[in-house]
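1. quick one, structure for this:
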Amino acid sequence: MFAAGCGGDDDTSGSEPLATSSLSKAAYVKKAGSICTRGLEGIRFYEVPPKFKSEAEKMEARIDRAVVPSFGKMEEELRALGAPKGDEKQIEAYLDALDAEIGSARQRSGSISSFTQLEAVFRPSAELARRYGIDSCAFSNPASG
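-> Alright, predicted model coming up:
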């Protein structure tokens, strides 16, 4: 399973503080989990067009056409959701890490040749998501789970 978000080159992360929402942590985790599940499904079920023949071409297409856009949309929706009062720094850290990882994946899409390597790119945000309790927002290799 993966986690998703937009970010990277749009320079929106850190530009203004994350809004505080009226959601409890439990309600936030549920809503964030739903957003992430939808985002990850876009990646898991993406079918690489047949014109991409080599595994490297297929991975680059998957990153450019599914991973980056899906994670981007997820990040955007999570930022719009805000964060439970008192948890803003934890959520902001997760979203900032995700934003940086999206940018890294976009920049390195031609040199990432496996899901294991892609999973490593998103490992920091995955750890922050799990620590907060939004496990469904943690990217992982679909072949390992």
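2. mind listing what's buried along stretch 126-143?
-> 126, 128-129, 132, 134-141 (16 or more other C-beta atoms under 10 Å). Placement of C-beta: from N, CA and C, glycine included.
3. could you do stretch 117-124 as well?
-> Those buried within stretch 117-124 under the rule 16+ other C-beta under 10 Å are 118-119, 121-122, 124.
4. likewise stretch 97-109?
-> For stretch 97-109, by 16+ other C-beta under 10 Å, it's 97-103, 105-106, 109.
5. adding secondary structure and distance to residue 89, write the residues you listed out as CSV.
-> Formatted as CSV, these follow (DSSP: H, G, I helix; E, B strand; the rest coil; distance: C-beta to C-beta, whole Å):
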residue, secondary structure, distance to residue 89
97, helix, 12
98, helix, 15
99, helix, 15
100, helix, 16
101, helix, 19
102, helix, 20
103, helix, 21
105, helix, 24
106, helix, 26
109, coil, 31
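6. return the member of those nearest to residue 40.
-> Among the buried residues of stretch 97-109, residue 98 lies closest to residue 40 (C-beta to C-beta), at 12.5 Å.
7. roughly how far apart are the nearest residue to residue 19 once chain neighbours are set aside and residue 139?
-> Leaving aside its chain neighbours, residue 19 sits nearest to residue 82 (3.9 Å; criterion: C-beta to C-beta, 6 or more residues apart in numbering). According to C-beta to C-beta, to the nearest Å, residue 82 and residue 139 sit 22 Å apart.
8. next: residue 61.
-> 18 Å.
9. now residue 109. Nearest residue, chain neighbours left out?
-> residue 63 (4.0 Å).
10. how about residue 47, secondary structure?
-> Here residue 47 is recorded as coil under DSSP: H, G, I helix; E, B strand; the rest coil.
11. likewise for the one 4 residues further on?
-> Three states are possible here, and by three-state DSSP the one that applies to residue 51 is coil.
12. next, give phi and psi for it.
-> Main-chain torsions, residue 51, degrees, to the nearest 10: phi -70, psi -20.
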